[in-house]
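# return a 3D structure for these sequence lines:
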Amino acid sequence: MAEASSAYLGGGCEEKRHEELSPESVPPGATISRVKLLDTMVDTFLQKLVAAGSAGPHLPSGGQPVKQAFSWALCRLPRGRQDEISEIKEEGNLEAVLNALDKIVEEGKDRKEPAWRPSGIPEKDLHSAMAPYFLQQRDTLRRHVQKQEAENQQLADAVLAGRRELEELQLQVQARQQAWQALHREQKELVAVLREPE
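Have a look, this model is predicted:
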């Protein structure tokens with residue numbers, strides 16, 4: 001029975017290798033999907049974890065069943081962790097998010113201008129994102145103000161010109177009034193002279 005249990009406990013514990021994502025198999029300049037990269041990193045971590053634990057605990061003699069149980073747990077560890085990681089990926093929709101990131105990176109390769117990167121300081125990030133917008137708004141407002149000031153200056157010049165014309169008209173009216181009064185006096189004098197008895 002001990003042999004059967006040891007066969008059960010020790011069997012099926014082979015390391016999985018990801019040959020397709022080894023550095024030698026990826027051509028230079030090619031991009032690796034973030035999902036594949038995450039899977040490879042997790043598998044590599046679990047393999048190294050199993051390799052580090054495969055030395056086994058230091059047990060006193062006669063601890064064979066404990067050692068077999070330890071080996072069995074080590075063999076089951078990657079599979080259990082893999083299931084947990086798969087659940088986390090499904091719950092967080094991680095595969096779709098990573099594929100969306102890959103798509104953003106691919107679309108960004110054709111851009112000439114540098115991409116915006118957050119600095120980690122919210123005030124600085126907000127300033128770098130909002131400053132160009134506010135500067136553009138300021139320039140637009142300045143143009144509107146300059147245009148309005150030019151229109152106001154034209155109106156002020158027109159008002160001043162109108163006032164000058166009004167003053168000239170008032171002077172003309174006063175001059176004509178004075179001329180009419182002088183003519184009226186002369187008429188009265190002339191009428192008075194004509195009415196004098198001879």
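
# give me the number of residues near Asp43?
Neighbourhood size, Asp43 [other C-beta atoms under 10 Å]: 19. Every C-beta, even on glycine, is put in place using the N, C-alpha and C of the backbone.

# other SSEs contacting the one helix or strand it maps to?
Following DSSP states H and E, one finds Asp43 within helix 34-53. For helix 34-53, the packing partners by 3 or more C-beta pairs under 8 Å, 6 or more residues apart in numbering; DSSP states H and E come out as helix 64-91, helix 94-108.

# need phi/psi at Lys109.
Torsion angles at Lys109 (phi, psi; degrees, to the nearest 10) stand at phi -70, psi -30.

# same question for Arg142.
Main-chain torsions, Arg142, degrees, to the nearest 10: phi -60, psi -40.

# confidence score at it?
For Arg142, the pLDDT comes out at 96.

# what about it, how many neighbours?
Neighbour count for Arg142, taken as other C-beta under 10 Å: 10.

# likewise Ser33?
Count around Ser33 with other C-beta under 10 Å applied: 14.

# repeat that for the one 4 residues further on.
As a burial measure, the neighbour count of Leu37 was computed by other C-beta under 10 Å and equals 14.

# how about Leu94?
Using other C-beta under 10 Å, Leu94 is surrounded by 16 other residues.

# not including adjacent chain positions, what is the nearest residue to it?
Excluding its sequence neighbours, the residue lying closest to Leu94 (C-beta to C-beta, 6 or more residues apart in numbering) is Ile88, at 7.0 Å.

# which one of the helices and strands packed on helix 34-53 has the lowest average pLDDT?
Least confident of the helices and strands packed on helix 34-53, judged by mean pLDDT, is helix 64-91 with a mean of 69.

# looking at the chain, which helix or strand does the model trust least?
Scoring the helices and strands of the chain by mean pLDDT, DSSP states H and E places helix 2-10 at the bottom, with a mean of 41.

# so for the helix holding Asp43, what gets flagged as buried?
Residues of helix 34-53 classed as buried by neighbour count (16 or more other C-beta atoms under 10 Å): Arg34, Val35, Asp39, Val42, Asp43, Leu46, Val50.

# which of those lies closest to Pro118?
Arg34 (19.1 Å; C-beta to C-beta).

# okay, that closest one: pLDDT?
Reading off the model, Arg34 has pLDDT 78.

# likewise Phe134?
For Phe134, pLDDT reads 90.
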